[in-house]
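Student: Predicted model, plus sequence, below.
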Amino acid sequence: MVRGEGQYLYDAQGQRYLDLVNNVAHLGHCHPHVIDAAYDQLKKLNTNTRYLDANLVEYAEKLLKHFPPQLSVVYFVNSGSEANDLALRLARAVRDARHKVHLRMRAEAEAERARERKERGQERRRMQASALGVQMGNMVSEVGRLSHEQIDESPVPRGQGPSVTTAETAGATRNFAPTAAASSNDDLFMLYQELVAAPTSSGGRGLGLDAFEGDDHLGSSGRTEPACDHCQRSNIICLDHAYHGHTQACIEVSPYKFNGRGGGGRKPYIYVARCPDIFRARLELAACPADLANTKIDEGKLAEEFASDIDRLAEEMYHDHQALSKAKIRQLESSGSGDLDALLQPVVRPPEALDGRQEGRIPDPSEESQQDTAPSPKCCKQCCPGCCGRPVAFIAESAPGCAGQIILPRGYLSAAYKRARQLGAVCIADEVQIGFGRVGTAMWGFQTQPDTEGANEFLQLEEIPTDDVPLSVDESDDVPANEAAQLPAYVVPDIVTMGKPTGNGWPLGIVVTTKRIAKAFSNTGMEYFNTFGGNTASVRVGKAVLEVIEREHLQDHAHRVGTYLLESLKRQIVPKHGYVVADVRGLGLYVGIELIRWSPCRPDEPLTHMGGLSHQLSHPQLQDSATQKPTMTWEPAAEETSWVANELVERHRILISTDGPDHNVLKIKPPMCITIEDMDYFVNALDQVLSRLPDEFAWARAFLSQMTPAKENAARLKGSQL
């Protein structure tokens, strides 16, 4: 390709291609307003953010008008990968802030307990010393009487004073103390001599009444404690098949990459929740493909079912941490670290911690449940029990792309965010693919998800401690005190990341978050600076993109054209090609078309798998008349999907891509300036390509040959449930 304009690309031969896949050129290729803004700035000044620039502030303010008031801090980066990488750093900063405050508060609590122990000890020793004084006076009188009686027989050696005589005679006194009272006096004398008079082996003073002054030797903050690295690992929850970028941190939270070719597999601190795929959930419930039309599903219950993975993964983290803690304890034991009870503390089990959060309060992580009779697992006191075995972040695309253009069940993000926040996690919304009005009904994908579970209340009440004192919601420079009245009806993430469309092809990414999280990040002490992120040209381009979206009403346009496309596919493609088109889904100009293929059934073969969910779906009219067993069943059509995409390029000059866990989804996410006429052209071209599919694939010919015209029509109509 050598040139682009609007929704079209041109090759070296001058042939024009309709671009249905390029959501980077959000406004359209080479939009004149963006070009003029970049050119105007580049010929004046292009430098980094070390220098003051009014455009930087103006762009940030213009952008934040499209966000709820709780999200009020902007970081500028160069790509979606950088944005997600920074978002994960912000989440870790929150964890580190909580951990730091935990250590300080624990040290203060231990110091207070040590002070109380010292005061109690001093008082007890004063009382003992007072009692000893009275009893010692009586003992000295008795010794004096005995000494006078024996003085002629045992003269005092020259040069020795009465103290020696007293000590020697006191030793003899213990030998003729036959009564219990005498024994008690003897014990008190020994205690007095040990606490007050006895010198140490090194010649220093003994443990007198003031011996506990200074550092508490019983476990104060002055003691150096062993670090517990595994407790500080960043447990992160992500969705299956997700992709969040190419940096190492992003790949670690991208099953699409680490489970793919060349991937290194899941890291032990990454936990993967199921992708909330409505279509595959319906497959699980349908008796056969023809029944999909009658298979209704409650999205609210489905959202709860998928969100329950957060609880399951929290329990898994707890047990993983328990196993690691046992290994740490064995290490401490083998190293002879001393009193393990003084070094270790109980770990709070996640379900117990949830009990205290029902009123929006983060429970004290040091509180142990009285209901669990089993011994609690331990970890070293250097760690924060509120962080140990807990997730640092929950990251999810608001509409997963590489998972196959998935539209989340209504209320899923609310249910998932609430559970994640109850565990102390920061919720990150990845808007790199669908942000800036692509979904049509909203500017951001997360705004299409209603807060059905009250997750926003935890956003409001959650207080992230800083280096000095925990923040409160009524701080003058923080969220307004009446933010409860400002909470929107849709779910609000803690962090939002943007990338691809932000600069319409210019390298620009953004992170938006709350002031609380920004403060926690700032208090780490490490300065954040990005040489090119937020440079003068980038912010001019970003501001120009927002101006075009608003001026050309592209969000409304995406809703109108996207709705027209979905209706056309369901009206023209699904009824005619229902045997291969299994699902059509989308929001605005973000659409997926899922294709399937039919295969002969063999009794010795296991169930077919689609995206990891097993099913045994077959058409009732394709059953053996004798055994009533299906003769054909369906599976993902990866090869056929790739063939369709190639045919659209070669025969109709339409650029489209494929994706999904089974590589059987056609992805449609074109520039936002695409027209209804372009969509008519695409739908007609797709119809022609699918009509040629039986000529290329034997299974399609075999399938259609077994169907009478009525049966064939029924098979094609099976997709009309959409």
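Tutor: Structure received.
Student: and residue 75, what is it in contact with?
Tutor: Going by C-beta atoms under 8 Å, 6 or more residues apart in numbering, residue 75 touches 83, 86, 510-513, 528, 530, 533. The C-beta positions use only the backbone N, C-alpha and C, and glycine is treated the same way.
Student: Dump those into CSV; add neighbour count as well.
Tutor: What follows is the contacts of residue 75, written out as CSV (neighbours: other C-beta atoms under 10 Å):
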residue, neighbour count
83, 31
86, 25
510, 28
511, 26
512, 25
513, 27
528, 14
530, 16
533, 24
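Student: Among those residues, which one lies nearest to residue 574?
Tutor: Taking C-beta to C-beta as the measure, residue 83 is the one of the contacts of residue 75 closest to residue 574, at 36.8 Å.
Student: Quick check: residue 641 touching residue 663?
Tutor: Yes. Counting by C-beta atoms under 8 Å, residue 641 touches residue 663, with 6.5 Å between them.
Student: More neighbours: these two, which one.
Tutor: Neighbour tally, residue 641 and residue 663, criterion other C-beta atoms under 10 Å: the higher count belongs to residue 641, 24 against 14.
Student: which parts of the helix or strand in which that one is found are buried?
Tutor: In this assignment (DSSP states H and E), residue 641 forms part of helix 638-652. Burial within helix 638-652, assessed by neighbour count using 16 or more other C-beta atoms under 10 Å, is assigned to 638, 640-641, 643-645, 647-648, 652.
Student: Could you export those residues as a markdown table, including distance to residue 432 and pLDDT?
Tutor: Below are those laid out as a markdown table (distance: C-beta to C-beta, whole Å; pLDDT from 0 to 100):
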| residue | distance to residue 432 | pLDDT |
| --- | --- | --- |
| 638 | 25 | 96 |
| 640 | 29 | 97 |
| 641 | 24 | 98 |
| 643 | 29 | 98 |
| 644 | 26 | 98 |
| 645 | 22 | 98 |
| 647 | 29 | 98 |
| 648 | 25 | 98 |
| 652 | 29 | 98 |
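Student: for the stretch 1-150 of the chain, what spans make up the helices?
Tutor: Under the criterion DSSP state H, counting those that start in this stretch, helices of the stretch 1-150 of the chain are mapped to 32-42, 54-64, 80-150.
Student: Make sure residue 21 is actually in contact with residue 671.
Tutor: No. With contact defined as C-beta under 8 Å, residue 21 does not count as touching residue 671 (9.7 Å).
Student: neighbour-wise, which of those two wins?
Tutor: residue 671 (26 against 18).
Student: Distance of the more buried one relative to residue 548?
Tutor: Noted for residue 671: a distance of 11 Å to residue 548, by C-beta to C-beta, to the nearest Å.
Student: Identify the contacts common to these two.
Tutor: residue 27.
Student: low-confidence ranges in the stretch 251-400 of the chain?
Tutor: Applying pLDDT under 70 to the stretch 251-400 of the chain picks out residues 286-295, 325, 328-329, 331-333, 335-388.
Student: Quick one: the helices in it, in order.
Tutor: Along the stretch 251-400 of the chain, counting by DSSP H, counting those that start in this stretch, helices occupy 255-258, 278-285, 299-335, 340-343, 350-355.
Student: Run through the neighbouring helices and strands of the lengthiest strand in the chain.
Tutor: If you go by DSSP state E, the chain has its longest strand at strand 590-600. On a contact count with 3 or more C-beta pairs under 8 Å, 6 or more residues apart in numbering; DSSP states H and E, strand 590-600 meets helix 554-568, strand 581-587, strand 632-636, helix 638-652, strand 665-668, helix 698-705.
Student: Please identify the deepest-packed of these.
Tutor: Comparing the helices and strands packed on strand 590-600 by mean neighbour count (mean count of other C-beta atoms under 10 Å), strand 665-668 comes out on top with a mean of 26.
Student: Who are the packing partners of that strand?
Tutor: Packing contacts for strand 665-668, counted by 3+ C-beta pairs under 8 Å, 6+ apart, involve strand 590-600, helix 638-652, strand 657-659.
Student: possible to save the ones you listed as CSV with distance to residue 504?
Tutor: Below are the helices and strands packed on strand 665-668 laid out as CSV (distance: least, C-beta to C-beta, whole Å):
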stretch, distance to residue 504
strand 590-600, 17
helix 638-652, 24
strand 657-659, 19
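Student: Quick one: closest of the ones you listed to residue 496.
Tutor: Using C-beta to C-beta, these put strand 590-600 closest to residue 496, at 16.9 Å.
Student: Go through the closest one and flag the buried ones.
Tutor: 590-598.
Student: Please apply the same query to stretch 546-553.
Tutor: Residues of stretch 546-553 classed as buried: 546, 548-549, 552 (neighbour count, 16+ other C-beta under 10 Å).
Student: What mean pLDDT does it get?
Tutor: Stretch 546-553 comes out with an average pLDDT of 98.
Student: circling back: now the weakest link among the helices and strands packed on strand 590-600, please, by mean pLDDT.
Tutor: strand 632-636 (a mean of 77).
Student: tell me what it is packed against?
Tutor: strand 590-600, strand 608-610.
Student: Could you rerun that using 10 Å?
Tutor: strand 590-600, strand 608-610, strand 613-615, helix 698-705 (3 or more C-beta pairs under 10 Å, 6 or more residues apart in numbering; DSSP states H and E).
Student: returning to what we had before: let me have the buried residues of helix 638-652 in CSV, extended by distance to residue 94.
Tutor: Shown next, in CSV, are the buried residues of helix 638-652 (distance: C-beta to C-beta, whole Å):
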residue, distance to residue 94
638, 41
640, 46
641, 41
643, 48
644, 45
645, 42
647, 49
648, 46
652, 50
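Student: from these, which two are the most distant?
Tutor: So, these by C-beta to C-beta: farthest apart are 638 and 652, at 21.2 Å.
Student: Pull the number of nearby residues for residue 688.
Tutor: 12.
Student: Could you tell me what pLDDT the model assigned to it?
Tutor: Here the pLDDT value assigned to residue 688 is 97.
Student: hang on, isn't it packed against residue 695?
Tutor: No. Look at residue 688 against residue 695 with C-beta atoms under 10 Å: they stay out of range, at 11.9 Å.
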